[in-house]
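S.K.: Predicted model, plus sequence, below.
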Amino acid sequence: MSLVEKMKNDFRSPYGWVFVLLALIRLFFNAVIPLTDKTEARYGEIARLMAETGNWIVPQIDYGVPFWAKPPLSTWLSAGSISLLGDDEFALRLPFWIMAISIALLLIPYGHQKKINGLIPGIVLLTLPEFFLHAGVLSTDLMLSFSVAITMIGFWEFLHSEKSRISGLLFFVGIGLGLLAKGPIIGVLSFPPLFVWCIIHRISLKRIFQIPWLLGGLLSLLIAFPWYYLMEVNSPGFIEYFLVGEHFLRFIDSSWSGDKYGFPKQQPLGIIWAFLLAGALPWSFVLMGQLKNKLKKVWDDPWQLFLWLWILWTPFFFTFSKSLIHTYTLPVMIPIALLITHHWPTLERKKSMFYIAVGLPVLLIGVYFLEPTQKILSSSTDKTLVFHPEVESSELYAFPFKSYSSQFYSKGKIKIITPDALEKMVEDSTSFSIIIKKRQLEDFPSEVMSKLKLLRERRKDGLYQLK
């Protein structure tokens with residue numbers, strides 16, 4: 001039976017309905033949840049600016065202000081999408097949804113190898129909270145995860161597949177894409193576990209040298225080098241900031257003073273393991289149960305050891321960094337799904353775990369419509385302020401700073417204003433609206449505030465307009 005026929009049978013089964021349900025649930029959230037500050041709205045605004053200005057080489061965080069923190073692969077995808085479909089949340093997130101579903105479908109052969117429904121690996125993947133989240137969140141992490149997966153799987157298939165040359169080149173495609181997704185971190189997350197695995201299983205140097213290093217290296221350079229070169233030419237200083245600052249200083253110093261775009265991410269040492277456990281629920285408990293008292297089997301099984309090294313290296317590496325967020329665990333969600341698939345035929349209580357895992361995304365639909373959830377979402381973005389009915393006909397300002405969501409939803413029209421400028425506009429009776437942070441209200445004279453009416457009040461800020 002061909003792969004296409006097997007896939008048709010996979011989708012005709014109840015697992016096919018579950019897979020489609022999970023995909024549609026994520027697509028629903030992609031459409032209804034606004035861009036939240038700070039990270040997602042920031043990447044949304046960068047993509048909007050790229051599409052608007054037509055500058056596809058230098059990402060911009062504001063008009064004329066280059067964004068040096070990340071390469072542009074994810075931004076290219078979102079900018080291309082909104083160029084075709086319009087600049088809303090759904091269009092921005094659509095490429096990430098497509099990529100997440102594509103990754104899940106690419107795991108089908110690994111299900112067939114275990115004589116189970118080919119969609120089971122993808123279903124497990126989509127029920128991992130960290131992966132489900134990133135199937136519709138604007139960030140660079142999903143494309144990095146895809147790149148790491150291509151690199152790792154390409155290496156494995158080179159050693160175990162008949163079409164080894166193609167797999168070997170796939171290894172280098174992953175490296176090239178990783179350099180465009182998030183930079184040299186692709187090598188940091190991929191090479192050490194591969195090296196350790198080769199040492200443990202005594203892979204000969206002769207076999208390693210059979211990898212098409214020359215052709216593959218050129219392929220990686222062809223994918224990534226042109227953008228790095230053009231970026232440095234068009235925005236001098238990028239290489240030093242990106243390679244030294246983002247890849248070294250940020251790792252060792254969570255309060256790195258040279259950070260142009262981020263915000264402090266001070267975390268306790270080792271918190272990455274808690275992020276991993278939570279981000280892979282409920283399947284993380286299944287893996288811990290499988291690992292208990294079975295270390296000898298893992299050590300002797302090349303595939304299991306390969307996946308475990310892939311899983312454990314990333315959190316081990318970030319154990320020694322205080323500057324991290326939960327998304328750093330995303331690259332190991334794919335090997336977690338593959339490892340669950342490996343054990344699927346012999347898993348105990350797998351039906352119960354399956355129902356729990358699938359039930360959580362379904363439950364989120366109900367949670368979304370609860371009033372507390374709506375309040376949390378509303379307070380995490382300035383969308384409702386920008387689209388307030390009384391704001392559309394006036395100039396919009398912000399003090400003391402403008403958020404990324406206000407930039408995006410106002411299509412870059414919102415401006416920062418000073419207290420002196422605000423006072424003069426009030427004296428001249430100029431029509432305007434302004435978003436003011438509550439802790440900054442004391443910076444304005446009482447006579448100025450008396451002439452402003454409050455349109456909407458939130459916990460940290462308020463929307464005002466000239467009476």
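M.R.: Looks like it arrived, so ask away.
S.K.: who touches the residue nearest to Lys350 when sequence neighbours are not counted in this structure?
M.R.: Of all residues not flanking Lys350 in the chain, Trp344 sits nearest, at 6.6 Å (C-beta to C-beta, 6 or more residues apart in numbering). Bear in mind the C-beta positions are built from the backbone N, C-alpha and C, glycine included. The contact partners of Trp344, taken as C-beta atoms under 8 Å, 6 or more residues apart in numbering, are 111, 114, 116, 120, 350.
S.K.: and what of Phe306?
M.R.: Per C-beta under 8 Å, 6+ apart, neighbours of Phe306: 152, 156, 193, 197.
S.K.: could you flag which of the contacts of Trp344 are buried?
M.R.: Listed as buried from the contacts of Trp344 are 111, 114, 116, 120; burial here means 16 or more other C-beta atoms under 10 Å.
S.K.: Please tabulate the residues you listed in a markdown table, including the columns secondary structure and pLDDT.
M.R.: Formatted as a markdown table, those follow (DSSP: H, G, I helix; E, B strand; the rest coil; pLDDT from 0 to 100):
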| residue | secondary structure | pLDDT |
| --- | --- | --- |
| Gly111 | helix | 92 |
| Lys114 | coil | 91 |
| Ile116 | coil | 92 |
| Ile120 | helix | 94 |
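S.K.: Need the max-distance pair from those residues.
M.R.: Maximum pairwise distance in the buried ones among the contacts of Trp344, criterion C-beta to C-beta, is 8.3 Å, between Lys114 and Ile120.
S.K.: which residues do these two both contact?
M.R.: The contact sets of Lys114 and Ile120 overlap at 341, 344 (C-beta under 8 Å, 6+ apart).
S.K.: where do the strands sit along this structure?
M.R.: For the chain, the strands defined by DSSP state E cover 60-62, 65-66, 395-399, 415-416, 432-437, 452-457, 461-466.
S.K.: which one of those lies closest to Ser78?
M.R.: Ranking the strands of the chain by proximity to Ser78 (C-beta to C-beta) places strand 60-62 first, at 13.6 Å.
S.K.: If you count neighbours, what's buried in that closest one?
M.R.: Using 16+ other C-beta under 10 Å as the test for burial, strand 60-62 gives 60-61.
S.K.: circling back: could the strands of the chain be laid out in CSV, adding mean pLDDT?
M.R.: Shown next, in CSV, are these (pLDDT from 0 to 100):
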stretch, mean pLDDT
strand 60-62, 93
strand 65-66, 93
strand 395-399, 90
strand 415-416, 92
strand 432-437, 89
strand 452-457, 89
strand 461-466, 88
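S.K.: Out of those strands, the one nearest Leu324 is which?
M.R.: Closest of these to Leu324 is strand 60-62, at 21.7 Å (criterion: C-beta to C-beta).
S.K.: Direction included, what does the closest one pair against?
M.R.: When pairing is defined by DSSP bridges, strand 60-62 lines up against strand 65-66 (antiparallel).
S.K.: Run the chain-centre distance for the partner strand.
M.R.: In terms of C-alpha atoms, centre = their mean, to the nearest Å, the centre of strand 65-66 is set 22 Å apart from its chain centre.
S.K.: contact partners of that strand?
M.R.: Strand 65-66 is contacted by residues 58-60, 235, 238 when judged by C-beta under 8 Å, 6+ apart.
S.K.: State the pLDDT value of the residue nearest to Lys350.
M.R.: Per-residue pLDDT puts Trp344 at 92.
S.K.: Could you do Arg207 as well?
M.R.: 86.
S.K.: What would the longest helix anywhere in the chain look like as CSV? C-alpha coordinates only.
M.R.: Longest helix in the chain by number of residues (criterion: DSSP state H): helix 213-234. In CSV, the C-alpha atoms belonging to helix 213-234 read as follows (Å, rounded to 0.1, in the frame of the first residue of the first chain):
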residue,chain,number,x,y,z
TRP,A,213,29.9,18.2,3.8
LEU,A,214,31.2,20.3,0.9
LEU,A,215,28.0,20.4,-1.1
GLY,A,216,25.8,20.6,2.0
GLY,A,217,27.9,23.4,3.5
LEU,A,218,27.5,25.3,0.3
LEU,A,219,23.8,24.7,0.4
SER,A,220,23.5,26.1,3.9
LEU,A,221,25.5,29.2,2.9
LEU,A,222,23.4,29.6,-0.2
ILE,A,223,20.3,29.6,2.0
ALA,A,224,21.5,32.0,4.7
PHE,A,225,24.5,34.0,3.7
PRO,A,226,22.9,36.4,1.1
TRP,A,227,20.6,37.8,3.8
TYR,A,228,23.3,38.2,6.4
TYR,A,229,25.5,40.0,3.9
LEU,A,230,22.8,42.3,2.6
MET,A,231,21.6,43.0,6.2
GLU,A,232,25.0,44.1,7.3
VAL,A,233,25.5,46.3,4.2
ASN,A,234,22.1,48.0,4.6
